[in-house]
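K.L.:
This is a predicted model, with the sequence first.
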Amino acid sequence: MNKKTIRDVNVQGRKVLVRVDFNVPLKDGRVVDDTRIRAAMPTLQYLLDHGAAVILMSHLGRPKGSPDPKYSLRPVAEHLAQLLGQAVRFAPEPVGPQAEAMARDLRPGDVLLLENTRFHPGETKNDPEFARQLAALAGPEGLFVNDAFGTAHRAHASVVGVAQYLPAVAGFLMEKELTFLGRLLSQPDRPFIAILGGAKISDKIGVIRSLLVRADRVLIGGGMANTFLKAQGKEVGDSLVEDDAVPEARALLDAGEGKLFLPVDVVIADRFAVDAAKRVVSVDEVSPGWRILDIGPRTVARFREICREARTVFWNGPMGVFEFPPFAEGTFAIARALAELERAVTIVGGGDSVAAVRQANVADKITHISTGGGASLEFVEGKPLPGVEVLEDR
Ligand code: ADP
Ligand code: MG
């Protein structure tokens, strides 16, 4: 990792503006899942222990550039106060006179959370004036810390713009992501196996192309496999298929000759429903009117066998419609297969893939679970992430 982190700078006595990802699910004014808040704790604790005052900023949901009580971060301030065991002040606006007064009052060890940055129209536009106002809250000795890897692919004011006005370094969560995901791009331990699934090829063409170059083998499952099977001229019935992407799939099959592995058997259903009739068939036996909703047991065995040799495994995208328990087995079996690997670095990225790993109860056996969905994919694709680019180099 070639970016400076909070360990590389002096934070004592400074006001530190920290971009966190507190985009958590709320229900009835309470935080339902605090995984993301907990993920920021090492950085916050470090800053507080080292004599900084902390000003936190985050977005939550997709308000339309103006205040919307549904997306207020106030419940997060309360939750964070419990986790930290200290008071967390809350500014009811991201910038403006109240936020300024509250920021001015901060003493070392104090914590202030700003209201949802997306309550201001300047956030998603990366408006320089909004960014300047945010940065000014940290004062002349201020520091910007980005610990929100999940939004690093967005050139927003609280992610990118503020770095125009303050020295910018990575927090620990950001550092961890860049270290693990970075190793996929530069000198992964080999064999390096990539497993890709999920709904569509079109969402992930860049990632597939990148991994076909970088990985030793690419295993494909999930809905995206259907378009590859169709490109091979197979009957896929009523499966989810992207007809527009068939030529692209054909090109990828050629480019990935010998490296790209598709399912050999699948679980098909007579309807898209949790209680559909189901059958396990070879990929050459999909009946018209039926649809592929999971990979089959022979495919699982084959993928597991290939992974056994791996030193690095990156997985993105469920192998089937795992939201329906009868069609979750392929996805859960791959999750367990990764969990069994003792010599390999295993990395899982993607919102649904991470949810699947948790449901399979093996999250603690995975080396790194990425907190970024879109950001992880763009990173693995080799695209520069704006929120990482602005951080100071070592
Ligand atoms: P991630 O969030 O991990 O990147 P995606 O969002 O790309 O993953 O894909 C997840 C979705 O793909 C899930 O909702 C799942 O139901 C769907 N999916 C997987 N396999 C199939 C399939 N065979 N047919 C239809 N949908 C599928
Ligand atoms: Mg998803």
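P.N.:
Noted; the coordinates are in hand. Everything numeric here is computed off the predicted structure, so don't read it as measured data. Ligands and ions are numbered 1, 2, ... in the order given.

K.L.:
Around residue 175, how many other residues sit close by?
P.N.:
22 (other Cβ atoms under 10 Å). Quick note: C-beta positions are derived from backbone N, CA and C, even for glycine.

K.L.:
And residue 22, by the same measure?
P.N.:
Counted by other Cβ under 10 Å, the residues lying close to residue 22 total 24.

K.L.:
looking at this, it is in a strand?
P.N.:
No. With DSSP: H, G, I helix; E, B strand; the rest coil as the criterion, residue 22 is assigned coil and is not in a strand.

K.L.:
Verify the stated contact: it with residue 35.
P.N.:
No. Counting by Cβ atoms under 8 Å, residue 22 does not reach residue 35; the two are 10.9 Å apart.

K.L.:
now the closest residue to residue 302 other than its chain neighbours: how far from residue 237?
P.N.:
Nearest residue to residue 302, sequence neighbours excluded (Cβ to Cβ, 6 or more residues apart in numbering): residue 264, at 6.4 Å. The gap separating residue 264 from residue 237 is 17 Å, by Cβ to Cβ, to the nearest Å.

K.L.:
excluding its backbone neighbours, what's nearest residue 270?
P.N.:
Closest to residue 270 by Cβ to Cβ, 6+ apart is residue 277, at 4.5 Å.

K.L.:
okay, now the domains of this protein?
P.N.:
For the chain, automatic domain parsing gives the domain ranges 6-173, 180-381.

K.L.:
closest to residue 387 out of those domains?
P.N.:
Among the domains of the chain, the nearest to residue 387 by Cβ to Cβ is domain 6-173 (3.3 Å).

K.L.:
show me where pLDDT drops low in this structure?
P.N.:
Residues of the chain meeting the criterion pLDDT under 70: none.

K.L.:
Give me every residue in it lying close to ligand 2.
P.N.:
351, 352 (Cβ under 5 Å from the ion).

K.L.:
hang on, the earlier thing: wait, the residue nearest to residue 302 touches residue 303, no?
P.N.:
No. Applying Cβ under 8 Å as the test, residue 264 and residue 303 come out as separate, 9.8 Å apart.

K.L.:
of those two, who's got more company?
P.N.:
Each of residue 264 and residue 303 has its neighbours counted (other Cβ under 10 Å); residue 303 has more, 25 against 15.

K.L.:
and the gap between that one and ligand 2?
P.N.:
20 Å (Cβ to the ion, to the nearest Å).

K.L.:
and that residue, what is it in contact with?
P.N.:
195, 219, 221, 261, 295, 334, 337 (Cβ atoms under 8 Å, 6 or more residues apart in numbering).

K.L.:
Can you add neighbour count and secondary structure and give the residues you listed back as CSV?
P.N.:
CSV is the format used below for those (neighbours: other Cβ atoms under 10 Å; DSSP: H, G, I helix; E, B strand; the rest coil):
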residue, neighbour count, secondary structure
195, 28, strand
219, 27, strand
221, 30, coil
261, 19, strand
295, 33, strand
334, 30, helix
337, 22, helix
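
K.L.:
Please enumerate the helices of the stretch 101-250 of the chain.
P.N.:
122-125, 128-136, 172-185, 205-214, 222-231, 246-255 (DSSP state H, counting those that start in this stretch).

K.L.:
out of the ones you listed, nearest to residue 371?
P.N.:
Nearest of the helices of the stretch 101-250 of the chain to residue 371, taken as Cβ to Cβ: helix 172-185 at 6.7 Å.

K.L.:
What are the buried residues along the closest one?
P.N.:
Counting neighbours by 16 or more other Cβ atoms under 10 Å, one finds that the buried residues in helix 172-185 are 172, 173, 174, 175, 176, 177, 178, 180, 181, 182, 183, 184.

K.L.:
surely the first one meets residue 43?
P.N.:
Just to be clear, that refers to residue 172. Yes. With contacts counted by Cβ under 8 Å, residue 172 reaches residue 43, the gap being 4.8 Å.
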